[in-house]
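*Asks:* The amino acid sequence is not available; the structure is as follows:
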Ligand code: C5P
């Protein structure tokens with residue numbers, strides 16, 4: 001024990017600038033070429049000593065996240081405690097700002113945040129690789145929430161290679177009413193691709209170059225999301241949001257991950273503010289948020 005009384009960890013949301021999806025594997029997952037970019041919208045997870053494991057949450061839509069042991073943050077604490085022979089007696093408080101079930105890795109952020117917070121609280125001394133292995137057990141996107149920045153995720157998204165990035169990109173995120181279930185979106189992807197031979201997912205060379213150059217216009221020409229058709233099929237109104245942002249001068253408009261949040265790349269911070277105002281006025285989303293990235297992953301504050 002280190003004797004710390006509480007530890008707070010800040011964890012960013014992500015947008016997938018490329019999400020190339022292969023066919024369904026024998027284990028039900030899909031092989032991916034998944035280029036993650038961490039953006040400055042954050043959840044904060046605080047771990048404090050308690051009599052037993054307890055999760056509380058505050059923020060928009062927290063009534064839609066479970067507060068029992070099925071919460072990914074609780075599972076992270078239990079997994080870490082079991083690994084080190086400790087009792088997972090901790091109060092985890094999640095201050096949520098990342099849209100719930102929005103395709104921005106909010107649940108994964110909470111899992112990575114809880115892991116880093118409990119690790120610091122309990123003084124386990126776990127190595128970065130040990131923490132990354134626990135992250136991969138918790139979910140495909142959790143390792144990226146730990147590392148942040150920009151990275152290519154292979155396998156089901158958990159095998160990360162950091163990518164070079166030459167600047168900051170300015171984004172607008174249009175938050176939809178309600179969430180979309182990631183497994184449901186992948187099932188819809190499989191349904192839409194039935195009888196089609198889905199090619200091996202590969203990272204786009206043009207996209208990797210645009211990131212390295214920090215070139216927003218080139219990046220806009222290279223972004224793609226193979227889950228977009230499936231998300232739009234389940235939530236047809238997303239087409240209106242994508243058109244509203246595109247019509248307001250965004251360089252690119254795409255669904256973020258499995259949706260239903262939509263992401264708009266802008267030329268600079270001023271352009272992003274303009275796109276956000278137009279999206280708010282369009283009535284095609286609940287709220288539009290600006291955020292820049294890349295930013296670092298889970299960080300003790
Ligand atoms: O790994 P995670 O628990 O976040 O995945 C949630 C669900 O998303 C999986 O159960 C699976 O249905 C789908 N998934 C997938 N292929 C991936 C990642 C997720 O099919 N590479």
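*Replies:* Looks like it arrived, so ask away. Quick caveat: nothing in here was measured; it's all calculated off a predicted structure.
*Asks:* Listing partners with orientation, what would you give for the strand ranked longest in the chain?
*Replies:* Taking DSSP state E as the criterion, the chain has its longest strand at strand 30-49. With DSSP bridges as the test, strand 30-49 is paired with strand 7-24 (antiparallel), strand 90-95 (antiparallel), strand 150-154 (antiparallel).
*Asks:* quick one, what contacts the most centrally placed residue in the chain?
*Replies:* The residue lying closest to the centre of the chain (CA atoms, centre = their mean) is residue 105, at 2.5 Å. Counting by CB atoms under 8 Å, 6 or more residues apart in numbering, residue 105 makes contact with 13, 14, 98, 141, 144, 145, 257. All C-beta atoms are positioned from the backbone trio N, CA, C, and that covers glycine.
*Asks:* Which of the residues you listed sits closest to the ligand?
*Replies:* residue 141 (5.6 Å; CB to the nearest ligand atom).
*Asks:* For that closest one, grab the count of nearby residues.
*Replies:* 27 (other CB atoms under 10 Å).
*Asks:* The closest residue in space to it that isn't next to it in sequence is in what secondary structure piece?
*Replies:* Nearest non-adjacent residue to residue 141, counting by CB to CB, 6 or more residues apart in numbering: residue 108, 4.1 Å away. Counting by DSSP states H and E, the element that carries residue 108 is helix 106-122.
*Asks:* who in the stretch 1-150 of the chain is up against the ligand?
*Replies:* With CB under 6 Å from any ligand atom as the criterion, the stretch 1-150 of the chain meets the ligand at residues 28, 29, 30, 32, 139, 140, 141.
*Asks:* Would you mind putting the residues you listed into a markdown table with pLDDT alongside?
*Replies:* Output for these, formatted as a markdown table (pLDDT from 0 to 100):
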| residue | pLDDT |
| --- | --- |
| 28 | 94 |
| 29 | 97 |
| 30 | 98 |
| 32 | 98 |
| 139 | 98 |
| 140 | 98 |
| 141 | 98 |
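*Asks:* quick one: which of those is most hemmed in?
*Replies:* residue 141 (27 neighbours).
*Asks:* Identify the residues contacting that one.
*Replies:* Shown in contact with residue 141 (CB under 8 Å, 6+ apart): 14, 36, 105, 108, 153, 157, 257.
*Asks:* 6 Å instead, please
*Replies:* 105, 108, 157 (CB atoms under 6 Å, 6 or more residues apart in numbering).
*Asks:* What residues of stretch 226-234 count as buried?
*Replies:* Across stretch 226-234, burial judged by 16 or more other CB atoms under 10 Å covers 226, 227, 228, 230, 231, 232, 234.
*Asks:* list the contacts for the second one?
*Replies:* To tie it back to what came earlier, the one meant is residue 227. Going by CB under 6 Å, 6+ apart, residue 227 touches 19, 185, 189, 258.
*Asks:* My read is that the second one contacts residue 232, right?
*Replies:* No. The pair residue 185 / residue 232 is not scored as a contact, 10.1 Å apart, by CB atoms under 6 Å.
*Asks:* quick revisit: I'd like the contacts of residue 227 laid out as CSV, including neighbour count and pLDDT.
*Replies:* Below are the contacts of residue 227 laid out as CSV (neighbours: other CB atoms under 10 Å; pLDDT from 0 to 100):
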residue, neighbour count, pLDDT
19, 26, 98
185, 22, 98
189, 22, 98
258, 28, 98
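*Asks:* Dump these to CSV, plus distance to residue 197 and secondary structure.
*Replies:* As requested, the contacts of residue 227 are exported to CSV (distance: CB to CB, whole Å; DSSP: H, G, I helix; E, B strand; the rest coil):
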residue, distance to residue 197, secondary structure
19, 19, strand
185, 21, helix
189, 14, helix
258, 23, coil
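*Asks:* possible to save the residues you listed as a markdown table with distance to residue 114?
*Replies:* Formatted as a markdown table, these follow (distance: CB to CB, whole Å):
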| residue | distance to residue 114 |
| --- | --- |
| 19 | 25 |
| 185 | 25 |
| 189 | 29 |
| 258 | 22 |
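*Asks:* Cool, thanks, talk later.
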